[in-house]
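Trainee: please find the sequence and the predicted model below.
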Amino acid sequence: MMFVSGINVGNGYFDCVGMNDIPISCSGSMHHLIVEACIARNLLDTSAYFWPGYVNGRINQIPHNVPSQLPAWSQFMKGAPLTPLLTNTLVSIPASSLAELEKLFEVALKGSYDERMYAATILCGASLLRGWNIQEYAVDFITRLLCLPVPAYYSGSDSEFIGCAPLLNTLIVGISSVDCVQIFSLHGMVPQLAGSLMPICEVFGSCVPNVTWTLTTGEEISAHAVFSNAFTLLLKLWRFNHPPLEHGVGEVPPVGSQLTPEYLLLVRNSKILSSKNTDRNKRRNSHSVTVPSSSSSLHPVFLDSFPKLKLWYRQHQACIASTLTGLIHGTPVHQIVDGLLNMMFRRINRGSLSLNSVNSASSNSSGTGLSSEDVSSSPKLPAWDILEAVPFVVDAALTACAHGRLSPRELATGLKDLADFLPASLATIVSYFSAEVTRGVWKPVFMNGSDWPSPAANLSNVEGQIRKIVAATGVDVPSLASGGSSPATLPIPLAAFVSLTITYKIDKASERFLTLAGPALESLAAGCPWPCMPIVASLWTQKAKRWSDFLIFSASRTVFLQNRDAVVQLLKSCFTTTLSHNGSVGALLGHGFGSHFNGGISPVAPGILYLRVYRSIRDIMFVTEEIVSLLMQSVRDIGLSRLFGETKLEKMRYGHISLAKAMTQVKLAASLAASLVWLSGGLGLVQSLIKETLPSWFISVHRSDLDGLGGGMVAMLGGYALGYFAVLSGAFAWGVDSTSSASKRRQKVLGAHMEFLARALDGQISLGCDWATWRAYVSGFVSLLVGCTPNWVLEVDINVLKRLSKGLRQWNEEELALSLLGIGGAGTMGAAAEMIIESDL
């Protein structure tokens, strides 16, 4: 508005202007946000401000709140040095232009020690979290700073990363929050960030922590601290707490199995190689900042480049696959295990030797091992060596607890001491507990409040809120305790895990570690038998009431994970809600959830529940069959107008229902079905649908009780619904053209389905479905191919197209048959000409 009014005020002044300072209303919409984003990225010029109706008024004077003194960013651009006061201001206010970020990046490269720390802190502040017009540049600069070469003032002989430890730690801690990780993900920078963190983990994890650095805040950090922060962030990007799904669909591996370090590096390397063939410096060459070259950021890297990380990763995989083996008496690893156990349980009067179930001899150690005398003074061991021993340490402690040689409270305290000593060890603890719970060999323990924490204080309240959440789906929630007197039980690894997590304080320092353990705990508890997750939710809501909505919502999804019928009922609710509200997205997904809404916890829309459930469904194949069944049931309801009341049902019997309205509803149901299939299993499930599920459905016998009551119309609508459903599902998976990599699989799958259609039309396959359904499906499917996806037809075998065309002619579908041949390429031109001549068209 100031620009249109001709008032010349620098960008920095707007930091001090609020909405109440403008004399007239100047609120904007998403349209304004998009235009501003385009202007900030030089995709539009400022003439857009003069578009008709874009600005709803003018002002004649500068708002009173604009100060006479230069605002913070303007001071910085004028050359003011970065001081603690100025830094605190710039952290809370996002930069308004790329030039400001570029200067900040230059300070981080060439400034003094303190200035580099301040610049890194500012980059990870509001400019990253709220700088919508320059956010991608902040992400890019942070990623590049994590790959910096040796600073000019560093004169050591160690790795180049050692000299940058304070700067690297400041950046890593600054982007460790859940919101920041999500921002990097939205900008597609997770692979690059992971590639930057891996060498940092490799270097600092191999260092003996005998050197400390002092940050500008006065905090002292060691190599262990830098490693733990980097390693924890790396695992968040990898999402290692979500193991690969135990199922695969068709020829495509499940999505979960791709979330590995190798996959992240593969994507990163692919982007680097592709960027070398394009003008990757087009944007950067237009500015003055010189980007330092770094071998780790410009060249492909592989997991073999990080032997210590690779060793830990292989140990992690082995821990998931089988029980622990390979600990040999007298080796350095065995000595470290002894020392860590002594450190964890040194307060126990009966001594640590009885706790060590993996050692029957003396625990006196030498070499790199830890003795009981120096345990209290922080053992000087590289982090990777400690992580290698942690699974054996946790196994020994858990075994001792299970056999009564260690109390649950002592176990939780010892594990917390280990995690405090090396915070990165929490990742290995999570890995071990997750593997042991899934094995099912540990006995359950009673959460009675004396040995283990008790959830009894609010377990009934959690149960009541879960019932409210799922009420709209019609699913019954099993009682958490029969008769209300049975004590809650958890598998001992899960009980130990939740006991460890609730020992953490809810503060900023613990947040980055809780955000690693929290999702793992949720995933682990959700995979255990009912009611493990409600018990965990009850324990945590006693500690953190502000998280109760999230925890109870997470517990509610386990209702569906334990019961197939509940999943089917949830899918049915999605169809019913969508069709009864004419396709309203708001009805399907809802408008929010939480106890802060009027009336407190209320039923949650079925679409949101399914979005939280589908990733954890093990047998995803049955979902496809149920979706097809629910689609046909919805078509039946549409045909009989049951969604519109009995009055119109009576009209239906006399043929007064609009076919156009019914077709609209049928397309809506088919669109929802295609969306659910694509969402549930992606490319593999769609291909299985077209190649296997639909042919099997047509061959199977389906009974109908609609003879004389609109049965023919319902059968026809069902065929059209399946045709629309199949084509839309394929379009989601393959695209309508051949630009996506997934389209390479289309020819084989689509060819097999078209061959099935041709053989059925030739009379070589006996069908069990209604003939009207079959005819409507074939004609509808082919019509959509001809009208919407002609590129698909070019990939089908010519002889198959000719056979399909012949079958369509037998149904008096000459025009459709001719159209199919007309787009089939040069090979079908002769058959098309013959048809024209024979039909005298």
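Mentor: Perfect, thanks for sending it.

Trainee: ranges for the strands of the chain?
Mentor: In the chain, the strands defined using DSSP state E lie at 212-214, 220-222, 444-446, 489-491.

Trainee: quick one: contacts of the first one?
Mentor: Same thing as strand 212-214. 165-166, 169, 220-222 (C-beta atoms under 8 Å, 6 or more residues apart in numbering). Using the backbone N, CA and C atoms, a C-beta is placed for each residue, glycine as well.

Trainee: residue 690: which of those residues is nearest?
Mentor: residue 169 (51.4 Å; C-beta to C-beta).

Trainee: what's the neighbour count on that closest one?
Mentor: As a burial measure, residue 169 scores 25 neighbours (other C-beta atoms under 10 Å).

Trainee: wait, it touches residue 217, no?
Mentor: No - Residue 169 is beyond contact range of residue 217, at 11.0 Å (criterion: C-beta atoms under 8 Å).

Trainee: circling back: a markdown table for the strands of the chain, including mean pLDDT, mean neighbour count and distance to residue 195?
Mentor: Output for the strands of the chain, formatted as a markdown table (pLDDT from 0 to 100; neighbours: other C-beta atoms under 10 Å; distance: least, C-beta to C-beta, whole Å):
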| stretch | mean pLDDT | mean neighbour count | distance to residue 195 |
| --- | --- | --- | --- |
| strand 212-214 | 88 | 14 | 24 |
| strand 220-222 | 90 | 17 | 23 |
| strand 444-446 | 92 | 17 | 42 |
| strand 489-491 | 92 | 23 | 37 |
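
Trainee: show me the one of these that comes nearest residue 528.
Mentor: Per C-beta to C-beta, nearest to residue 528 of these: strand 489-491, 6.5 Å.

Trainee: what helices or strands is the closest one leaning on?
Mentor: Strand 489-491 makes packing contacts with strand 444-446, helix 532-543 when contacts are defined by 3 or more C-beta pairs under 8 Å, 6 or more residues apart in numbering; DSSP states H and E.

Trainee: so which of the ones you listed gets nearest residue 177?
Mentor: Nearest of the helices and strands packed on strand 489-491 (C-beta to C-beta): helix 532-543, 19.4 Å.

Trainee: show residues contacting that closest one.
Mentor: Outside helix 532-543, the residues that reach it (C-beta under 8 Å, 6+ apart) are 447, 453, 455, 457-459, 462-463, 466, 480, 488, 490-491, 494, 498, 501-502, 506, 521-522, 525-526, 547-548, 551-552, 554-555, 558.

Trainee: which of those fall in helices?
Mentor: 459, 462-463, 466, 494, 498, 501, 521-522, 525-526, 548, 551-552, 554-555, 558 (DSSP state H).

Trainee: only whichever of these are buried, select them in PyMOL.
Mentor: Selecting only the buried entries of the ones in helices among the contacts of helix 532-543 in PyMOL, with 16 or more other C-beta atoms under 10 Å as the criterion:
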select buried, resi 459+462+463+466+494+498+501+521+522+525+526+548+551+552+554+555+558
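
Trainee: CA atoms only for stretch 113-133, dumped as CSV, please.
Mentor: Output in CSV follows, covering the C-alpha atoms of stretch 113-133 (Å, rounded to 0.1, in the frame of the first residue of the first chain):
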residue,chain,number,x,y,z
TYR,A,113,34.7,-16.0,15.8
ASP,A,114,31.9,-14.3,17.7
GLU,A,115,30.4,-12.8,14.5
ARG,A,116,30.3,-16.2,12.9
MET,A,117,28.4,-17.6,15.8
TYR,A,118,25.9,-14.7,15.8
ALA,A,119,25.4,-15.0,12.1
ALA,A,120,24.7,-18.8,12.4
THR,A,121,22.2,-18.1,15.2
ILE,A,122,20.4,-15.5,13.1
LEU,A,123,20.2,-17.8,10.1
CYS,A,124,18.4,-20.4,12.1
GLY,A,125,15.9,-17.9,13.6
ALA,A,126,12.9,-16.2,12.2
SER,A,127,14.3,-16.0,8.7
LEU,A,128,14.2,-19.8,8.5
LEU,A,129,11.0,-20.4,10.5
ARG,A,130,8.8,-17.5,9.2
GLY,A,131,10.7,-15.9,6.3
TRP,A,132,8.2,-17.1,3.7
ASN,A,133,9.7,-15.0,0.9
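
Trainee: please renumber so the chain begins at 23
Mentor: Right, with 23 as the first residue, what we last looked at is stretch 135-155.

Trainee: what sits against residue 738?
Mentor: If a contact means C-beta under 8 Å, 6+ apart, then residue 738 has 794-795, 797-798 as its contacts.

Trainee: in helices, which of these appear?
Mentor: Checked against DSSP H, the contacts of residue 738 include these in helices: 794-795, 797-798.

Trainee: sorry, back to before: looking at the helices and strands packed on strand 511-513, which is buried most?
Mentor: The highest mean neighbour count among these, using mean count of other C-beta atoms under 10 Å, belongs to helix 554-565: a mean of 25.

Trainee: other residues contacting stretch 326-337?
Mentor: Contacts for stretch 326-337 (C-beta under 8 Å, 6+ apart): 220-221, 223-224, 227-228, 283, 325, 406, 409-410, 413, 450.

Trainee: now do that stretch, average pLDDT.
Mentor: Computed over stretch 326-337, the mean pLDDT rounds to 91.

Trainee: for the protein, name the helix or strand with the lowest mean pLDDT.
Mentor: Within the chain, no helix or strand scores below helix 668-675, which has a mean of 46 by mean pLDDT, DSSP states H and E.

Trainee: out of the helices and strands packed on strand 511-513, which comes closest to residue 606?
Mentor: helix 554-565 (30.6 Å).

Trainee: report the distance from that closest one to the chain centre.
Mentor: Distance of helix 554-565 from the chain centroid (C-alpha atoms, centre = their mean, to the nearest Å) equals 23 Å.

Trainee: also stretch 109-117?
Mentor: Worked out by C-alpha atoms, centre = their mean, stretch 109-117 lies 30 Å from the chain centre.

Trainee: how about residues contacting that stretch?
Mentor: Contacts for stretch 109-117 (C-beta under 8 Å, 6+ apart): 37, 93-95, 98, 104, 123, 126, 140, 143-144, 147-149, 151-153, 156, 160.

Trainee: out of those, which are inside helices?
Mentor: 94-95, 98, 123, 126, 140, 143-144, 148-149, 151, 160.

Trainee: pipe these into CSV and attach distance to residue 565 per row.
Mentor: Output for these, formatted as CSV (distance: C-beta to C-beta, whole Å):
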residue, distance to residue 565
94, 38
95, 40
98, 42
123, 40
126, 39
140, 36
143, 30
144, 34
148, 30
149, 34
151, 27
160, 34
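
Trainee: of the ones in helices among the contacts of residue 738, which pair is most distant in space?
Mentor: 795 and 797 (7.5 Å).

Trainee: need the residues touching each of these two.
Mentor: Shared contacts of residue 795 and residue 797, counting by C-beta under 8 Å, 6+ apart, come down to 738, 741.

Trainee: and these two? Which one has more around it.
Mentor: More crowded of residue 795 and residue 797, by other C-beta under 10 Å: residue 795, with 26 against 16.

Trainee: from residue 716, how far out is that one?
Mentor: Plainly put, residue 795 is 12 Å away from residue 716 if you go by C-beta to C-beta, to the nearest Å.

Trainee: which neighbours do the two share?
Mentor: residue 744.

Trainee: correct me, but residue 777 touches residue 821?
Mentor: No - between residue 777 and residue 821 there is no contact under C-beta under 8 Å: 9.6 Å.

Trainee: I am finished for the moment; much appreciated.
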